[in-house]
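1. this one's sequence-less:
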Ligand SMILES: [Zn+2]
């Protein structure tokens, strides 16, 4: 498949606002959010997690493939992987409206089953549950939401319906956010289609820039996907039982039966209530959107605190990490790359605030200076290689969003 056929651009125009909701004053440009299968799937759709997490893309001349680090922000096919005996990861294809779906991890103990994140589309969550029932005859007893974003939580109701004894668990802040923000998605969602239509009709993006023919085609694809997604969500709108009922502040430990699981809040970062799920014996970490591959989702949150949170993550003893999006990684090299990137951007924004001035009015000037001073091309290559969707995502969402969020965190000092 070629990138010209990909409905990536449309998603990006609204993804910032959609994912980061009320906290995001301005939708953060546009970029794609999904990824092709990780390349080692077998005919059964099962794959093994083998990616070398931190391996940097080679130089432009000897890049072996178009995918960034063997991965892309665009996911076209559903795939599953067994990352340890009784520990499974489901990667979901992007929704028809181009919205990305978070990974789901399933941890089976001798007594109980714990799942991490319920993805975006109820139809995908239903498929996940059918798959879980092939992996184990035990019911899912716990569902952890790593954070409140729709692409990790909108399947909660499907789990509630399937497993009567289910407890949904989240950090205290995430529980509040799910209770507050998530029902709003049902009123906001139809606006998504309206905006896509406006972009197609005007031929311009939110900033008045002329869209290319390819971008307009992408908006048309995304628009066509609105109706089937809305058909799924419409029924959920009146439900109020999708909110976590068990909240924690720092840590909750589980013994699923021969399987120790620690649900931890390492600090704020992607949101105010990020949870990670750690399996100390198997040395597996499920990171939620604190870590996404191949390009980090940095369109909001708390960049300064994210650095400390990721440093705390790096101190955990693990060698397999399940990101919120993207393929399963080995080692800590990619995590360290993201920390390095965050440090570089934060120090640039800090310097420019002192040089240019603070306050909301100076954001654009600071952003321009930071982009001019940083070696953006090198960072883009490191994360996105020559995968077009990932490159667009890096520019339009991650870097731009990171500068904006860092500025918002720093200027009021
Ligand atoms: Zn996500």
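-> Looks like it came in fine. None of the values given here were measured: they were computed from a predicted structure.
2. quick check: residue 97 is in a helix.
-> No. Using DSSP: H, G, I helix; E, B strand; the rest coil, the assignment for residue 97 is coil, not a helix.
3. what is the neighbour count of it?
-> Look at residue 97: counted by other C-beta atoms under 10 Å, it has 26 neighbours. (C-beta placed from N, C-alpha, C; glycine too.)
4. residue 318 - how many residues pack around it?
-> 22.
5. for it, helix, strand, or coil?
-> At residue 318 the chain is in coil, as set by three-state DSSP.
6. distance of it relative to residue 123?
-> The spacing between residue 318 and residue 123, counted by C-beta to C-beta, to the nearest Å, is 32 Å.
7. likewise for residue 287?
-> From residue 287 to residue 123 the distance is 25 Å (C-beta to C-beta).
8. the more surrounded of these two?
-> Shown here are residue 287 and residue 123; by other C-beta under 10 Å, residue 287 has more neighbours (28 against 17).
9. need the pLDDT of the residue of the chain positioned farthest from its centre.
-> In terms of distance from the mean C-alpha position of the chain, residue 355 ranks first, at 33.3 Å (C-alpha atoms, centre = their mean). Note on residue 355: pLDDT of 92.
10. and whichever strand or helix holds it, which residues are buried?
-> For residue 355, the host element (DSSP states H and E) is helix 333-356. Residues 334-335, 337-339, 341-342, 345-346, 348-350, 352-353, 356 are the ones in helix 333-356 that count as buried (16 or more other C-beta atoms under 10 Å).
11. stretch 258-271 now?
-> 259, 261, 263-271.
12. same check on stretch 135-149?
-> 138-149.
13. circling back to that earlier point, beyond the helix holding residue 355, next helix or strand please.
-> Next helix or strand after helix 333-356 toward the C-terminus (DSSP H and E): helix 363-373.
14. between helix 333-356 and that next one, find me the angle.
-> For helix 363-373 against helix 333-356, the angle by axes from the mean of the first three to the mean of the last three C-alpha atoms, to 10 degrees is 120 degrees.
15. distance between helix 363-373 and the chain's centre?
-> Relative to the centre of its chain, helix 363-373 is centred 26 Å away, using C-alpha atoms, centre = their mean, to the nearest Å.
16. and what of stretch 288-300?
-> Relative to its parent chain, stretch 288-300 has a centroid offset of 5 Å by C-alpha atoms, centre = their mean.
17. first to last residue in that stretch, what's the distance?
-> Start-to-end span of stretch 288-300 (C-alpha to C-alpha, to the nearest Å) is 15 Å.
18. could you find the closest non-adjacent residue to residue 139?
-> Leaving aside its sequence neighbours, residue 139 sits nearest to residue 163 (C-beta to C-beta, 6 or more residues apart in numbering; 4.7 Å).
19. that neighbour: how many residues sit nearby?
-> 19.
20. what parts of the stretch 251-400 of the chain come near the ion?
-> Counting by C-beta under 5 Å from the ion, the residues of the stretch 251-400 of the chain close to the ion are 289, 324.
21. residues touching the nearest residue to residue 251 once chain neighbours are set aside, list them.
-> Among residues not flanking residue 251 along the chain, residue 264 sits closest, at 4.8 Å (C-beta to C-beta, 6+ apart). Residues counted as contacts of residue 264 (C-beta atoms under 8 Å, 6 or more residues apart in numbering) are 250-251, 275-278.
22. of those residues, grab the buried ones for ChimeraX.
-> To isolate the buried members of the contacts of residue 264 in ChimeraX, using 16+ other C-beta under 10 Å:
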select :275,276,277,278
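23. secondary structure added to the contacts of residue 264, as CSV?
-> Shown next, in CSV, are these (three-state DSSP):
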residue, secondary structure
250, coil
251, strand
275, coil
276, strand
277, strand
278, strand
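24. follow-up on the earlier one: including secondary structure, pLDDT and distance to residue 217, could the buried residues of stretch 258-271 go into JSON lines?
-> As requested, the buried residues of stretch 258-271 are exported to JSON lines (DSSP: H, G, I helix; E, B strand; the rest coil; pLDDT from 0 to 100; distance: C-beta to C-beta, whole Å):
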{"residue": "259", "secondary structure": "coil", "pLDDT": "98", "distance to residue 217": "47"}
{"residue": "261", "secondary structure": "strand", "pLDDT": "98", "distance to residue 217": "45"}
{"residue": "263", "secondary structure": "strand", "pLDDT": "98", "distance to residue 217": "43"}
{"residue": "264", "secondary structure": "strand", "pLDDT": "98", "distance to residue 217": "44"}
{"residue": "265", "secondary structure": "coil", "pLDDT": "98", "distance to residue 217": "42"}
{"residue": "266", "secondary structure": "coil", "pLDDT": "98", "distance to residue 217": "41"}
{"residue": "267", "secondary structure": "coil", "pLDDT": "98", "distance to residue 217": "42"}
{"residue": "268", "secondary structure": "coil", "pLDDT": "97", "distance to residue 217": "39"}
{"residue": "269", "secondary structure": "coil", "pLDDT": "96", "distance to residue 217": "35"}
{"residue": "270", "secondary structure": "coil", "pLDDT": "96", "distance to residue 217": "31"}
{"residue": "271", "secondary structure": "coil", "pLDDT": "97", "distance to residue 217": "33"}
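25. and the two most separated of those residues?
-> Within those, 259 and 268 form the most distant pair, 28.3 Å apart (C-beta to C-beta).
26. just after the helix-or-strand element of the chain with minimal mean pLDDT, pick out the following helix or strand.
-> Every helix and strand of the chain was ranked by mean pLDDT, DSSP states H and E. The lowest is strand 51-52, at a mean of 36. Scanning forward in sequence from strand 51-52 by DSSP H and E, the next helix or strand is strand 79-84.
27. tell me the confidence at residue 240?
-> Per-residue pLDDT puts residue 240 at 84.
28. give me the neighbour count for the nearest residue to it once chain neighbours are set aside.
-> Counting by C-beta to C-beta, 6+ apart, residue 240 lies nearest to residue 183, which is 7.4 Å off, once chain neighbours are set aside. If you count neighbours by other C-beta under 10 Å, residue 183 ends up with 17.
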